[in-house]
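1. Structure of the sequence below:
(2 chains)
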Amino acid sequence: MVPLSYYLVLSGILFACGVTGFLIKRNIITIFMSIELMLNGVNLSFVAFAARWHNLAGQVFVFFVMVVAAAEAAVGLAIIIAVYRTRETLNVDQVNLLKL
Amino acid sequence: MFNIHLILFLAFGAIAVAGAVNLLVQRHPINSALSLIAVMAALAGEYLLLGAEFVAAVQVIVYAGAIMVLFVFVIMLLNAGVEEQTSGSRVAFIFGIPGMLLGSLLVAWVVLRHSGTGAVPAGVWAESSSVPPHLVPGAPETIGPLLFHEFLLPFEVTSILILIAIMGAVVLASKPAGPSGEPPQKVKD
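-> Predicted coordinates:
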């Protein structure tokens, strides 16, 4: 069997890639996809813990995370469309009306 | 010793990490979206290895199917091109990198300090929701009673959440009309 720590390391790598993409990317859609990558990394650790301690509550929580991700994707992409309609750019550096 | 589980884990993990790195490297959003789909498919394989069959199926259907189709649809609708690179903020370099190092050191210290004990208390769920021996763990027969009995309230709350999200998405994405019906002015700076 694969040790639990391997799954946690993979989950951590995916989460770190998501954080890095969130920080270095300038396209708002790619930033949004980095958030989805972070959620996927967390889901992997949920399922790994559920398998390790034979407790299916971890798998049920994955469904809740997926529902929240779906709601977030729907609302976030609608916001992206609204931003693009008024400003005609997807670059987050040019959406700076609230900046000092 | 290499067994088939470890080999499959390493194969799917390599695909997932390669897709995640490719998401960072690619400059065009559609390439990033396709590599994210590869990550999700590889994670579905990992879920199968962990015995979570229903989660793996839902991962493919909902994540790689529905959510990523929404992403690709929006990328194509907005005709998103190659992202232009702009210089990052100097504050991020001055405070961000030391802050990130400090945060990861703190997390690593906490994890390493408490990893030796391994004493994770079996919670109150452990007896009630343990897997019956005649059913496959993670099959719909075992997920369903748990989801609709013990987690009934969170289930209903998430259904309300997704209803609100649907209405919010429709309101936000519909074409806004001013008081006299003309479209709003475009913001230019």
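2. ranges for the helices of chain A?
-> With helices called from DSSP state H, chain A shows them at A:4-24, A:28-52, A:57-87.
3. What is the last one packed up against?
-> For helix A:57-87, the contact count by 3 or more Cβ pairs under 8 Å, 6 or more residues apart in numbering or on different chains; DSSP states H and E identifies helix A:28-52, helix B:53-58, helix B:68-78, helix B:152-173 as packing neighbours. Yep, even glycine has a C-beta here, placed from its N, CA and C like the rest.
4. got the CA coordinates for the third one in PDB?
-> Pointing back at helix B:68-78 there. Listed next in PDB are the C-alpha coordinates belonging to helix B:68-78 (Å, rounded to 0.1, in the frame of the first residue of the first chain):
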ATOM      1  CA  MET B  68     -14.000  22.900 -17.000                       C
ATOM      2  CA  VAL B  69     -16.500  23.200 -19.900                       C
ATOM      3  CA  LEU B  70     -17.700  26.400 -18.300                       C
ATOM      4  CA  PHE B  71     -14.100  27.700 -18.100                       C
ATOM      5  CA  VAL B  72     -13.400  26.800 -21.700                       C
ATOM      6  CA  PHE B  73     -16.700  28.300 -22.800                       C
ATOM      7  CA  VAL B  74     -15.900  31.600 -21.100                       C
ATOM      8  CA  ILE B  75     -12.300  31.600 -22.500                       C
ATOM      9  CA  MET B  76     -13.700  31.200 -26.000                       C
ATOM     10  CA  LEU B  77     -16.600  33.600 -25.400                       C
ATOM     11  CA  LEU B  78     -14.300  36.400 -24.300                       C
END
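5. And that helix, what's buried?
-> Buried residues in helix B:68-78, counting neighbours by 16 or more other Cβ atoms under 10 Å in any protein chain shown, are found at B:68, B:70, B:71, B:72, B:74, B:75, B:78.
6. residues contacting the closest residue in space to the fourth one that isn't next to it in sequence?
-> Spatial nearest neighbour of residue B:72, chain neighbours left out: residue B:33 (5.3 Å); criterion: Cβ to Cβ, 6 or more residues apart in numbering or on different chains. When the contact criterion is Cβ atoms under 8 Å, 6 or more residues apart in numbering or on different chains, the partners of residue B:33 are A:29, A:33, B:68, B:71, B:72, B:75.
7. Mind doing that once more with 10 Å?
-> By Cβ atoms under 10 Å, 6 or more residues apart in numbering or on different chains, the contact set of residue B:33 is A:29-30, A:33, A:36, B:23, B:26, B:68-69, B:71-72, B:74-76, B:80.
8. before we move on, what about residue B:163?
-> residue A:71.
9. Next, the angle helix A:4-24 makes with the one helix or strand residue B:105 maps to.
-> Under the criterion of DSSP states H and E, residue B:105 resides in helix B:97-115. If you take axes from the mean of the first three to the mean of the last three Cα atoms, to 10 degrees, helix B:97-115 sits at 160 degrees to helix A:4-24.
10. what about helix B:97-115 and chain A, touching?
-> Yes - counting by Cβ under 10 Å from any Cβ of the partner chain, chain A is contacted by helix B:97-115 at B:100, B:104, B:107, B:111, B:115.
11. what are the C-alpha coordinates of that helix, in PDB please?
-> The C-alpha trace of helix B:97-115 is given here as PDB (Å, rounded to 0.1, in the frame of the first residue of the first chain):
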ATOM      1  CA  ILE B  97       9.100  36.200  -0.300                       C
ATOM      2  CA  PRO B  98      10.200  36.500   3.400                       C
ATOM      3  CA  GLY B  99       6.600  36.100   4.500                       C
ATOM      4  CA  MET B 100       6.200  33.000   2.400                       C
ATOM      5  CA  LEU B 101       9.400  31.500   3.800                       C
ATOM      6  CA  LEU B 102       8.300  32.300   7.300                       C
ATOM      7  CA  GLY B 103       4.900  30.800   6.800                       C
ATOM      8  CA  SER B 104       6.200  27.600   5.200                       C
ATOM      9  CA  LEU B 105       8.800  27.200   8.000                       C
ATOM     10  CA  LEU B 106       6.100  27.600  10.600                       C
ATOM     11  CA  VAL B 107       3.800  25.000   8.900                       C
ATOM     12  CA  ALA B 108       6.700  22.600   8.500                       C
ATOM     13  CA  TRP B 109       7.700  23.000  12.200                       C
ATOM     14  CA  VAL B 110       4.200  22.400  13.400                       C
ATOM     15  CA  VAL B 111       3.800  19.300  11.100                       C
ATOM     16  CA  LEU B 112       7.200  17.800  12.000                       C
ATOM     17  CA  ARG B 113       6.700  18.400  15.700                       C
ATOM     18  CA  HIS B 114       3.300  16.700  15.800                       C
ATOM     19  CA  SER B 115       3.900  14.000  13.100                       C
END
